[in-house]
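# how would this look folded up:
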Amino acid sequence: MDEQNFDDTPIMAAAHRATQMTSGRAKLPKPEQPRVLTIANQKGGVGKTTTAVNMAASLSKQGLKVLVIDLDPQGNASTALGAEHTSGTVSSYEVLIGEAEADDAVQAHAENPNIFCIPATIDLAGAEIELVSMVRREYRLHDAIRRGFLDEHGFDYVFIDCPPSLGLLTINAMTAVDEVLIPIQCEYYALEGVGQLLGNIGMIREHLNHNLHISAILLTMYDARTRLAADVAAEVRDQFGQVVLNNVIPRSVKVSEAPGYGQTVIDYDPGSRGALAYFDAARELANRGDYQPHETTGPIGVSPEVFAELDSDGDAGDDAEGSAGTEGTEGTVGTEGEE
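Take a look at the predicted model:
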């Protein structure tokens, strides 16, 4: 009887990944330049904050230095990372209105040396009113972090968690980044608001930040027991193509419990399905790199292979038009000569 390789069983594979996560043996290559992403969806309750903190924690466990900027007045990302965010704490609010530098607001994680947070306090709730009359009101966050701060601290990834609305806080998040990661829940009305979000990203891309694009979409709250989840996932992949990450985040009790203990699910229960799913999704995001959009796809990124294919199709179309134009010219010249 052949010996069974237990490393190939699902349970042993999951245990192996959990061991990698907790031991720090798993390593990811550092990006050439810091990747700065905002987690956005105008529909609430889709897992924006959960995705921001758990993707950040997963990357930090794999040797990368990560910063989370909390721009949501609720401060849930700050809570999950164990950051101090009571009223009066130097936070993203002071950074936005110019009362403090980003250096003054950044907090190190108590247990993980690779993850940092600029927290949000309740003061942020009134920031949009104060920002209206300020110079470069749409670029306050950009100016605070993009003028040496990221390079000085050597961050590899920055995740910005913003509120589920298109106000000045979200606009500041989108002018400070190149990439947008959209979490979409695998439930009814999942795509509600995504069309409007795409339109808003397109407007910001046109008028405020030409580099803004959707580099990843992550399917969350996936329940494999239901036909609905499979149908929603298929519809999202059909509409957005390869920009959708292959890994999906299952509906998990542990993911919901973790914030109550001031932890990410990666720290709370590294062997849980939710933790392993975020760990794998973070690896996929890092290994595949930034999916850039083609001029024919608007703000939606495509894989390098699709990008090259679209380029070749465009070149072939130009060649065909050129040939047709030449043939037409030759025919006209011949006719004129006969006359």
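# any low-confidence regions in this structure?
1-25, 315-339 (pLDDT under 70).
# can you give me the domain boundaries for it?
27-302, 304-339 (automatic domain parsing).
# most tightly packed of those?
With neighbours taken as mean count of other CB atoms under 10 Å, those reach their highest mean count in domain 27-302, at a mean of 19. C-beta: built from backbone N, CA, C; applies to glycine.
# pretty sure residue 217 is in a strand, no?
Yes: counting by DSSP: H, G, I helix; E, B strand; the rest coil, residue 217 falls inside a strand.
# would you confirm that it contacts residue 236?
Yes: if you go by CB atoms under 8 Å, residue 217 and residue 236 touch, sitting 6.7 Å apart.
# what sits in contact with each of the two?
Contact criterion CB atoms under 8 Å, 6 or more residues apart in numbering; residues bridging residue 217 and residue 236 by contacting each: 184, 244.
# okay, stretch 77-92 in PDB with CA atoms only?
Below are the C-alpha coordinates for stretch 77-92, written out as PDB (Å, rounded to 0.1, in the frame of the first residue of the first chain):
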ATOM      1  CA  ALA A  77      -9.900  49.900  11.700                       C
ATOM      2  CA  SER A  78      -8.100  51.600  14.600                       C
ATOM      3  CA  THR A  79      -9.900  49.400  17.000                       C
ATOM      4  CA  ALA A  80      -9.000  46.200  15.100                       C
ATOM      5  CA  LEU A  81      -5.400  47.200  15.100                       C
ATOM      6  CA  GLY A  82      -5.400  48.100  18.800                       C
ATOM      7  CA  ALA A  83      -4.500  51.700  18.200                       C
ATOM      8  CA  GLU A  84      -5.400  54.400  20.600                       C
ATOM      9  CA  HIS A  85      -8.200  56.600  19.100                       C
ATOM     10  CA  THR A  86     -10.000  58.400  21.900                       C
ATOM     11  CA  SER A  87     -10.900  62.000  21.300                       C
ATOM     12  CA  GLY A  88      -7.800  64.200  21.600                       C
ATOM     13  CA  THR A  89      -5.400  61.500  20.200                       C
ATOM     14  CA  VAL A  90      -3.300  62.800  17.300                       C
ATOM     15  CA  SER A  91      -5.100  61.200  14.300                       C
ATOM     16  CA  SER A  92      -5.900  61.400  10.600                       C
END
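# what comes into contact with it?
49-50, 52-53, 56-57, 68-71, 75, 100, 104-105, 107, 109-111, 115, 117-124, 141, 161, 258-259, 262-264.
# can you list the residue ranges for helices in the stretch 101-250 of the chain?
Counting by DSSP state H, counting those that start in this stretch, the stretch 101-250 of the chain has helices at residues 102-105, 127-131, 140-145, 149-153, 168-175, 194-207, 227-240.
# need those in CSV (columns: distance to residue 302).
Rendered in CSV, the data for the helices of the stretch 101-250 of the chain read as follows (distance: least, CB to CB, whole Å):
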stretch, distance to residue 302
helix 102-105, 33
helix 127-131, 34
helix 140-145, 26
helix 149-153, 26
helix 168-175, 20
helix 194-207, 15
helix 227-240, 10
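# which of these sits closest to residue 38?
With CB to CB, the closest approach to residue 38 among the helices of the stretch 101-250 of the chain belongs to helix 168-175: 4.3 Å.
# now the angle from that closest one to helix 194-207?
The directions of helix 168-175 and helix 194-207 differ by 60 degrees, with axes from the mean of the first three to the mean of the last three CA atoms, to 10 degrees as the criterion.
# ok, which stretches of the stretch 51-200 of the chain are strands?
Taking DSSP state E, counting those that start in this stretch, the strands of the stretch 51-200 of the chain run over residues 66-70, 107-108, 115-118, 157-161, 179-185.
# out of those, nearest to residue 286?
For the strands of the stretch 51-200 of the chain, the distance to residue 286 is smallest for strand 157-161, at 8.0 Å, taking CB to CB.
# sheet partners, orientation included, of the closest one?
For strand 157-161, the paired strands and their directions (DSSP bridges) are strand 35-39 (parallel), strand 66-70 (parallel).
# out of those, nearest to residue 304?
Residue 304 lies closest to strand 35-39 among the strands paired with strand 157-161, at 16.0 Å (CB to CB).
# can you list contacts of the closest one?
Contacts made with strand 35-39 from outside it, assessed by CB under 8 Å, 6+ apart, are listed as 48-49, 51-52, 145, 150, 156-162, 170, 173-174, 176-183, 215-216, 290.
# and the end-to-end length of stretch 245-264?
The first and last residues of stretch 245-264 sit 21 Å apart, counting by CA to CA, to the nearest Å.
# contacts for it, please.
Counting contacts by CB under 8 Å, 6+ apart, the residues outside stretch 245-264 that touch it are 47, 50-51, 53-54, 56-57, 76, 79-82, 186, 216-224, 233, 265, 267-269, 272-275, 277-278, 280-281, 284-285.
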